[in-house]
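S.K.: I would like to see how this sequence folds:
(2 chains)
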Amino acid sequence: MADRVIFIEQSGTAPERAKGPLDDACLEESVREAMKAPDKSRRGKTFHVKDFPDQVFLIARVMEGRVIGSWKEPVGADPADIESRGNAIVVLAHQEPLRPFDLAPTDKNPLPLIEPEDADPELRCEAVVTSLQHHDLGHKERRKLILEAEVLPLRGRQAAELTPLLRQFIEEYRESNVPADLVAVGSAIRNYVATAPVGDAMEAAASLLKEQGELEIPIELEVEVTKMVVRKLTANPPEQCDQYPELASRLEELVDVYARPRLLPREKYGAVALNAILGLVLSRSGRDADVVERMRTLDVAWFQQLLARYAARLREELIARDAEAKFADVASVLEQLSTLDSPSLTP
Amino acid sequence: MTIRRFDVIGKDASSVPEFIEHVALAAEERPHHVASAALPVVHMRPPLERAGECRADCVGSAGLSVGSQRQIKVFCDMIESEYKAAQLGSFRAQYVICPHVDPIRRHDDTIVYRRFSCAGFVLEAYLAAGIHILLTDLARVPPVGLETLKTQYARFAQVLDSPRVRDEFGIGGDGPWPVVLAGYVLNALARPEKEIRTTPYLARAGDEFFPPRRPGPSGPGP
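M.R.: Next up, the predicted model:
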């Protein structure tokens, strides 16, 4: 048993010297045992190899929660080399005992031995962005990093570097028929719209909602795009009226297609219709009078109630942000929609 | 017992009888369900599952109409992709203990996704249907200590000793914390339907059990 177990989470191209022999059958069990060993002084902390000079470490490289290689290494001689972030290697120690839910994965959801967020979030942000910039990154690894990027606190330079990578991923895989790809595209859409400047985000949303030839965006992605339009415009109401005409046209089309009595009960149709209506109002397109009238005569009480509730909540949020007076037109339409929830409409 | 779609299912803790460890939404109607048998649910396990399964030791109902059920379905449709992402990535990122729902925002305040506790998921689903089951202002929720939380979160019991993990789940420091426990939801639903729809329930100490056990001079009574 080694004195310490250090995991190197490989994120990108490893330097040659970090490539150790592949593990033998007992390695993973040894690592588990080592991790279970009590070591309160290290528990919950991230530490670097260089802090422990002249010790021999068992170093295990972990990818997607599995040990894929290990070697013993005296690190006193050249710790900086191992710690090199220039090669997108993150050196972290995980001295916590495994948690019960890590040790009891279900058949349906095998859980990783180590979750990436156990790492220092700042280091992970840097590592994830740097790794995504590598052109030779494998598809599965790229997809995994895209998903991870959503839950990391990226800001400033890292956020600016990430957004074009997210957009690229979205464009590349939006038509994929692999479910896991579409989940990652959904994640990238949320992250992109939330992180990019509002103008870029609305342009991307309009572009994603536009039919391109015979290709249609899958409905689960329409849910994500329209939902994020609502979230983005709630936080960033447009300064000018009809600032995003292309987006407004796309949202209007969605309302036209989905907000129909026989379609609304279907899987996800109601979600797209609801967000498209609210997005249209928040975009200050000036095209909402027709939509309000249409919703008033829709004759689908449950949807009218739902819309009324969400509109009322958004209006409250505008008021809470002290933006009601500045965006009086939006507040007024939201108020009209919120009255759709009148008792006369209740079945 | 009769279970309707999106009724609230309660599961007892294995260590403490009638302590509600988990709540979930019934995914389908069961006219003659046998107590303590498993049934399909939508729930925040974590991760969120739309095709999950849970033992139903007890059930709470607000007498949802078909319209309310559709409203809850839209709520689930809207967040499903966020949780599929967490299933492929890190399921811990979608879970929170306190508050019961926690929006994660970017620099400009845009929400990227929301974290839920199991009770928080149920409460927010019902809120989408216009039913405000429970008062969740932190000042109005009974404070609970670590031992109670370990019973509530048996799956996390060991790791809740770690201040870092507690912090991650929104319960930093040494507590007690105003955590919305699963049992509160069932006690809130054990009222007349009209009251459920008009008056949010104010949870009290002892509501972590269903039926509730009010603390007496010598501790929680039967």
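
S.K.: C-alpha from now on. contacts and neighbour counts both.
M.R.: Fine.

S.K.: which stretches in the chain count as helices?
M.R.: I went with chain A, as the question did not name one. In chain A, the helices defined using DSSP state H lie at A:27-36, A:79-83, A:100-103, A:121-132, A:139-150, A:156-173, A:179-195, A:198-209, A:219-235, A:245-258, A:269-282, A:288-296, A:301-320, A:328-338.

S.K.: actually, chain B is the one I wanted.
M.R.: Counting by DSSP H, the helices of chain B are B:66-88, B:118-128, B:146-152, B:163-168, B:182-189, B:193-198.

S.K.: the last one and chain A, are they touching?
M.R.: If I follow you right, that is helix B:193-198. No. Judged by C-alpha under 8 Å from any C-alpha of the partner chain, helix B:193-198 stays clear of chain A, getting no closer than 14.0 Å.

S.K.: which parts of that helix are buried?
M.R.: Buried residues in helix B:193-198, defined by neighbour count with 16 or more other C-alpha atoms under 10 Å in any protein chain shown: B:196-197.

S.K.: ok, and what's touching that helix?
M.R.: With contact meaning C-alpha atoms under 8 Å, 6 or more residues apart in numbering or on different chains, helix B:193-198 is reached by B:62-63, B:131-133, B:188-189.

S.K.: who are the contact partners of the residue most central in space within chain B?
M.R.: Geometric centre of chain B, nearest residue: B:Ala119, 1.2 Å, by C-alpha atoms, centre = their mean. Each residue near B:Ala119 by C-alpha under 8 Å, 6+ apart is listed here: B:22-24, B:100, B:180-182, B:185.

S.K.: then B:Tyr184?
M.R.: B:134, B:203, B:207-208.

S.K.: these two touch, right, A:Ile146 and A:Ala184?
M.R.: Yes. Here A:Ile146 reaches A:Ala184: they are 6.5 Å apart, a contact under C-alpha atoms under 8 Å.

S.K.: which of the two has more neighbours?
M.R.: With neighbours defined as other C-alpha atoms under 10 Å in any protein chain shown, A:Ile146 and A:Ala184 compare such that A:Ala184 has more, 31 against 25.

S.K.: my guess is the more buried one contacts A:Ala149. True?
M.R.: No. Between A:Ala184 and A:Ala149 there is no contact under C-alpha under 8 Å: 10.4 Å.

S.K.: before we move on, back to that, and the helices of chain A as a markdown table, adding mean pLDDT and distance to chain B?
M.R.: Formatted as a markdown table, the helices of chain A follow (pLDDT from 0 to 100; distance: least, C-alpha to the nearest C-alpha, whole Å):
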| stretch | mean pLDDT | distance to chain B |
| --- | --- | --- |
| helix A:27-36 | 45 | 12 |
| helix A:79-83 | 34 | 24 |
| helix A:100-103 | 30 | 7 |
| helix A:121-132 | 86 | 12 |
| helix A:139-150 | 92 | 6 |
| helix A:156-173 | 94 | 9 |
| helix A:179-195 | 95 | 5 |
| helix A:198-209 | 97 | 9 |
| helix A:219-235 | 96 | 5 |
| helix A:245-258 | 96 | 13 |
| helix A:269-282 | 97 | 5 |
| helix A:288-296 | 91 | 16 |
| helix A:301-320 | 94 | 5 |
| helix A:328-338 | 93 | 13 |
